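**Q** sequence and computational prediction follow.
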Amino acid sequence: MQAGLSEDFGAGEPADRIAAGRYRTCVCTSAHGLAVFGEALDTPGLGNHIKAVACGAFHLCVLLEEGSLQCYGSNSCQQCEVPADLREVVMVAAGDQHTCAVTSIGDLVCFGEDHVGQCRVPPDLGPIGAVSAGTFHTCAMTVDRRLACFGSSRFGQCEPPEQFAHQGSVIAVAAGGKHTCVIESGSRHLVCFGDDTYGQCSVPDNLGPVLMIAAGLRHTCAITDSHELVCFGDDFFGQCSVPEDVGIVAAVQAGAYHTCAVRLDGCSMA
């Protein structure tokens, strides 16, 4: 599960420095190392050159500063089989059992579980500016800010409103379990589509413009203009119960059943 970041959020924010998966949370340390919480996972030989991290259900992938990608954990669906010719990676996303990477020239490469087409990148997408991987689907935002989703659309999670197929229509995307959320260009309003069984697509009427979004298995979180964290959807495990003392939030990531936030002072809360 991934987060989507508005261009208005500001450069250098720690959006890709923390990742929440199904059973673990990963944090890139200030020394560019990796800390893993939750289900243990061996990550030998990483060193202190980590640029970004992404967590799937049973695997994690790290993007190193020189642009190479390394993945660890379950490889039951080849989600850790990084293509030998994959170079100059600038972004990584992890779904349940698949992985996607964007290169410096905007190529999107996905590998791993593909039984519903979540790794079948449409050939006519053009250069990609952002990617988010859900449970069984993938959503990409092109550099000219069009949205394209592929994979399972049983609940409509790959069927965005028509306006998001047009140039300049979207500025961020987050793919969840069976739903997808985007930040609309211009208004910066949050729009969600797909499964709404738990209210994960029922955006609060008074939310207003947002800076960043994250989609979990059955919940959604957003950071507002005032850097307030708002979450809605399934709250069985407290994943939508934002602590009163969370303060001003700089980044958020949504796992399957938990949420992690980074405060503006750099402290992480889960």
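**A** On my side now, so go ahead. Residues are numbered from 1 along each chain as shown.

**Q** contacts only, for the closest residue to residue 201 other than its chain neighbours.
**A** In this structure, residue 201 finds its nearest non-sequential neighbour in residue 192, 3.8 Å apart by C-beta to C-beta, 6 or more residues apart in numbering. Just so you know, the C-beta spots here come from the backbone N, C-alpha and C atoms, and that holds for glycine as well. Taking C-beta atoms under 8 Å, 6 or more residues apart in numbering, we find residue 192 in contact with 179-182, 200-203, 215, 220.

**Q** which pair in those residues spans the largest distance?
**A** 182 and 202 (15.3 Å; C-beta to C-beta).

**Q** tell me which of those two has more neighbours.
**A** residue 182 (28 against 12; other C-beta atoms under 10 Å).

**Q** would you mind measuring from the more buried one to residue 210?
**A** Separation of residue 182 from residue 210 (C-beta to C-beta, to the nearest Å) stands at 10 Å.

**Q** what do these two both touch?
**A** When contacts are counted by C-beta under 8 Å, 6+ apart, residue 182 and residue 210 have residue 190 as shared neighbours.

**Q** if we can go back for a sec, any chance of TSV for the contacts of residue 192, columns pLDDT, secondary structure and distance to residue 117?
**A** Output for these, formatted as TSV (pLDDT from 0 to 100; DSSP: H, G, I helix; E, B strand; the rest coil; distance: C-beta to C-beta, whole Å):
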residue	pLDDT	secondary structure	distance to residue 117
179	99	strand	17
180	99	strand	15
181	99	strand	21
182	98	strand	20
200	99	coil	22
201	99	coil	22
202	99	coil	27
203	99	coil	27
215	99	strand	19
220	99	strand	24
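
**Q** now, which of the residues you listed sits nearest residue 141?
**A** Among the contacts of residue 192, and counting by C-beta to C-beta, the member closest to residue 141 is residue 182, at 8.1 Å.

**Q** report the contact partners of the closest one.
**A** For residue 182, the contacting residues are 4, 147, 160, 164, 170, 172-174, 190-192, 213, by C-beta under 8 Å, 6+ apart.

**Q** what's the burial count for residue 117?
**A** By the criterion of other C-beta under 10 Å, residue 117 has 17 neighbours.

**Q** low pLDDT regions in this protein?
**A** The chain contains residues with pLDDT under 70 at 1-16, 45, 266-270.

**Q** do you know how far residue 51 is from residue 86?
**A** In this view, residue 51 and residue 86 are 15 Å apart by C-beta to C-beta.

**Q** compare those two (neighbour count), which wins?
**A** Between residue 51 and residue 86, residue 51 has the larger neighbour count (other C-beta under 10 Å), namely 19 against 15.

**Q** pretty sure residue 255 contacts residue 37?
**A** No: using C-beta atoms under 8 Å, residue 255 is not in contact with residue 37, being 10.7 Å away.

**Q** overlap in contacts, the two.
**A** Residues touching both residue 255 and residue 37 by C-beta under 8 Å, 6+ apart: residue 25.

**Q** which of these two has more neighbours?
**A** Taking neighbours as other C-beta under 10 Å, residue 255 and residue 37 compare with residue 255 leading, 25 against 13.

**Q** list the contacts of the more buried one.
**A** So residue 255 contacts 1, 20-22, 25, 55, 216-217, 239 (C-beta under 8 Å, 6+ apart).

**Q** now swap in residue 43 and tell me
**A** 34, 36, 60, 62, 72.

**Q** for it, give its distance to residue 161.
**A** 40 Å.

**Q** stretch 147-162 spans what distance, first to last residue?
**A** Taking C-alpha to C-alpha, to the nearest Å, the first and last residues of stretch 147-162 lie 10 Å apart.

**Q** please state the offset of it from the chain centre?
**A** How far stretch 147-162 lies from its chain's middle: 16 Å, per C-alpha atoms, centre = their mean, to the nearest Å.

**Q** same thing with stretch 18-32?
**A** Averaged C-alpha coordinates place stretch 18-32 at 13 Å from its chain's average position (C-alpha atoms, centre = their mean).

**Q** and what of stretch 146-156?
**A** On the basis of C-alpha atoms, centre = their mean, stretch 146-156 is displaced by 15 Å from the centre of the chain it belongs to.

**Q** quick one: terminal-to-terminal distance for that stretch?
**A** Stretch 146-156: ends 18 Å apart by C-alpha to C-alpha.
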